[in-house]
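Engineer: Test case, fold it:
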Amino acid sequence: MRRVACRRCDQVKRERLDFLADNPRYTKRFAYYVGKRCRSATVQDIADELGLAWHTVKELEKQYMREQLRRAGTPGPNVIGIDELSIRKRHTYRIVVSDLVRMRPIWFGGEDRSEASMDTFFAWLGPKKAAGIRLAVMDMWKAFRNSTERNAPQAHVLFDKFHVLRHLGVALDTVRKSEYARLSGQDRRFIKGQKYTLLAHRENLTLEGRKSLRLLLAANKRLNTAYLLKESFGQLWDYQSEAWARRFFENWRASLKWQRLKPYEKFAEMIDRHWDGIAAYCQPENKVALGFVEGLNNKIRVIQRRAYGLRDEEYLRLKVLTTMLPPL
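Structural biologist: Below is the predicted model:
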């Protein structure tokens, strides 16, 4: 590599060669090879295999991921999914925004899960592209909704089905705990250790799990009622008409009368307060894949677990944004 005297600044500089990586000891081709290998293995494994330092492999992988993002470009999303991600203990969050049409995360950032952090995404996206968003899928966190309605007022807000059903699962588990506390002696044996048996779908249970569920529901009438109500509520997202969906919900809420299921009554009140964001799914144009955001969260947790935690937030950002992109 030649060194030349720059006539403009009177300094000695090295010649820039396009085929070299950011680390001039390696070529871009080698950097991309390392980055591609890191998609399916840990940094330490690749370092041991190639005889390189851990930090060298990490920096080469960063260059590979930046090139992936450069080639993918900045999309103008039509449907976005918004969720928060815990990056360390003590409620430290970052926001992940995904393009639900292209099925890929497009933004990772913020300081927390506040309105100000959500506004940072819309500032990054720009008013022109924000005006093209027609649907925003999110949980019922108020900060996300307020920021979206202010920066993209034309977008319909749709609350994620899986977050809504998670609240129902919490209500069912609260009923289970109250029943366990109410009973004593041998009557408790059917309830103890059956939390996930109750929360899981029947078709996902093993033969032993189905047997335990059958015994539990036969032994406790209140839990039987709560379980059946939980299983039937998912039907709400099958309706094509908001009027019929509302009728179903009112009938479901009426069935709570005299059942002494306070957690379910609180859940029904929450659904009533957020009805607009739930009923939006009844419109045919809003029938989007709601499972992508949860699937992405699982992928991110695998990345964090495989690395035993990530202290370098820029590295985590690149891993998240490229996890659904094709290899170079």
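
Engineer: Strands along the stretch 1-150 of the chain, start to end?
Structural biologist: 3-5, 12-14, 79-88, 92-99, 104-109, 135-138 (DSSP state E, counting those that start in this stretch).

Engineer: Can you tell me which of these is most buried?
Structural biologist: Stretch with highest mean neighbour count among the strands of the stretch 1-150 of the chain: strand 135-138 (a mean of 25; mean count of other C-beta atoms under 10 Å). All C-beta spots, glycine's among them, are computed from the backbone N, C-alpha and C.

Engineer: Neighbouring strands - and their directions - for it?
Structural biologist: Here strand 135-138 has these sheet partners by DSSP bridges: strand 79-88 (parallel), strand 156-159 (parallel).

Engineer: Could you look up the next helix or strand downstream of the last one?
Structural biologist: In the C-terminal direction, the helix or strand that comes right after strand 156-159 (DSSP states H and E) is helix 161-182.

Engineer: So for that next one, mean pLDDT?
Structural biologist: Here helix 161-182 scores 90 as its mean pLDDT.

Engineer: for it, packing partners?
Structural biologist: helix 195-199, helix 221-233, helix 262-273 (3 or more C-beta pairs under 8 Å, 6 or more residues apart in numbering; DSSP states H and E).

Engineer: Could you work out which of those reaches nearest to Lys142?
Structural biologist: helix 262-273 (10.8 Å; C-beta to C-beta).

Engineer: Just the mean pLDDT for the closest one, thanks.
Structural biologist: 94.

Engineer: Over to stretch 32-47?
Structural biologist: Average pLDDT, stretch 32-47: 91.

Engineer: returning to that earlier point: TSV for the strands paired with strand 135-138, including distance to Ile300?
Structural biologist: Listed next are the strands paired with strand 135-138 as TSV, based on distance: least, C-beta to C-beta, whole Å:
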stretch	distance to Ile300
strand 79-88	6
strand 156-159	21
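
Engineer: Worst mean pLDDT among these?
Structural biologist: strand 79-88 (a mean of 87).

Engineer: starting at the chain centroid, how far to it?
Structural biologist: 5 Å (C-alpha atoms, centre = their mean, to the nearest Å).

Engineer: Ok, stretch 12-24 next?
Structural biologist: Taking C-alpha atoms, centre = their mean, one finds stretch 12-24 lying 39 Å from the centre of the chain it belongs to.

Engineer: buried set for that stretch?
Structural biologist: Across stretch 12-24, burial judged by 16 or more other C-beta atoms under 10 Å covers 20-21.

Engineer: what residues does that stretch touch?
Structural biologist: The contact list for stretch 12-24 (C-beta atoms under 8 Å, 6 or more residues apart in numbering) reads 1-6, 26-31, 56, 59-60, 63.

Engineer: got the CA coordinates for it in CSV?
Structural biologist: Listed next in CSV are the C-alpha coordinates belonging to stretch 12-24 (Å, rounded to 0.1, in the frame of the first residue of the first chain):
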residue,chain,number,x,y,z
VAL,A,12,1.1,11.9,4.4
LYS,A,13,-1.8,9.6,3.7
ARG,A,14,-2.2,6.0,2.7
GLU,A,15,-3.7,5.1,-0.6
ARG,A,16,-7.3,3.9,-0.4
LEU,A,17,-8.1,0.6,-2.0
ASP,A,18,-11.7,-0.4,-2.6
PHE,A,19,-11.1,-4.1,-2.0
LEU,A,20,-9.8,-3.6,1.5
ALA,A,21,-12.0,-3.9,4.6
ASP,A,22,-12.2,-1.2,7.3
ASN,A,23,-9.4,-3.0,8.9
PRO,A,24,-6.7,-2.7,6.1
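
Engineer: what about the stretch 101-250 of the chain, any weak spots by pLDDT?
Structural biologist: For the stretch 101-250 of the chain, not a single residue meets the criterion pLDDT under 70.

Engineer: I'd like the strands of the stretch 1-150 of the chain laid out as JSON lines, including distance to Phe162.
Structural biologist: What follows is the strands of the stretch 1-150 of the chain, written out as JSON lines (distance: least, C-beta to C-beta, whole Å):
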{"stretch": "strand 3-5", "distance to Phe162": "58"}
{"stretch": "strand 12-14", "distance to Phe162": "53"}
{"stretch": "strand 79-88", "distance to Phe162": "10"}
{"stretch": "strand 92-99", "distance to Phe162": "14"}
{"stretch": "strand 104-109", "distance to Phe162": "17"}
{"stretch": "strand 135-138", "distance to Phe162": "10"}
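
Engineer: closest one to Gly51 among the ones you listed?
Structural biologist: Closest among the strands of the stretch 1-150 of the chain, using C-beta to C-beta: strand 12-14, at 25.6 Å.
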